[in-house]
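S.K.: this one's structure only:
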């Protein structure tokens with residue numbers, strides 16, 4: 001499933017919150033490059049990308065098996 005969320009947070013802030021949530025809280029294994037972060041574990045994955053927009057940034061989140069946690073994360077950003 002792919003989700004999209006507009007956020008007032010900077011892309012760096014979104015990625016930091018993703019690390020706190022998916023890596024620290026849920027214990028998924030994370031990796032990061034300049035434009036996206038990915039997490040794997042529990043038989044699924046989560047991949048976030050962030051694009052700068054006018055006024056708000058656009059965060060795209062692709063997931064398999066982590067839909068409920070992704071929806072919870074989207075409420076945080």
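M.R.: Done, it's in. As the structure is a computational prediction, the values presented were derived from the model and not from experiment.

S.K.: next one: the residue at the greatest distance from the centre of the chain relative to residue 60, how far apart?
M.R.: Farthest-out residue of the chain from its mean C-alpha position, per Cα atoms, centre = their mean: residue 54, at 19.9 Å. In this view, residue 54 and residue 60 are 17 Å apart by Cβ to Cβ, to the nearest Å. Glycine gets a C-beta too; all of them are placed from N, C-alpha and C.

S.K.: what are the ranges of the helices in this structure?
M.R.: 11-18, 67-76 (DSSP state H).

S.K.: which of the ones you listed sits most buried?
M.R.: Comparing these by mean neighbour count (mean count of other Cβ atoms under 10 Å), helix 11-18 ranks first with a mean of 18.

S.K.: counting by contacts, list what that one packs against.
M.R.: Other elements packing on helix 11-18 under the criterion 3 or more Cβ pairs under 8 Å, 6 or more residues apart in numbering; DSSP states H and E are strand 36-41, strand 44-51, strand 57-64, helix 67-76.

S.K.: export the ones you listed to CSV and tack on distance to residue 17 and mean pLDDT?
M.R.: Formatted as CSV, the entries for the helices and strands packed on helix 11-18 read as follows, by distance: least, Cβ to Cβ, whole Å; pLDDT from 0 to 100:
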stretch, distance to residue 17, mean pLDDT
strand 36-41, 10, 96
strand 44-51, 10, 97
strand 57-64, 10, 98
helix 67-76, 6, 97
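
S.K.: what's the closest of those to residue 9?
M.R.: If you check each of the helices and strands packed on helix 11-18 against residue 9 by Cβ to Cβ, strand 57-64 wins as the nearest, at 6.9 Å.
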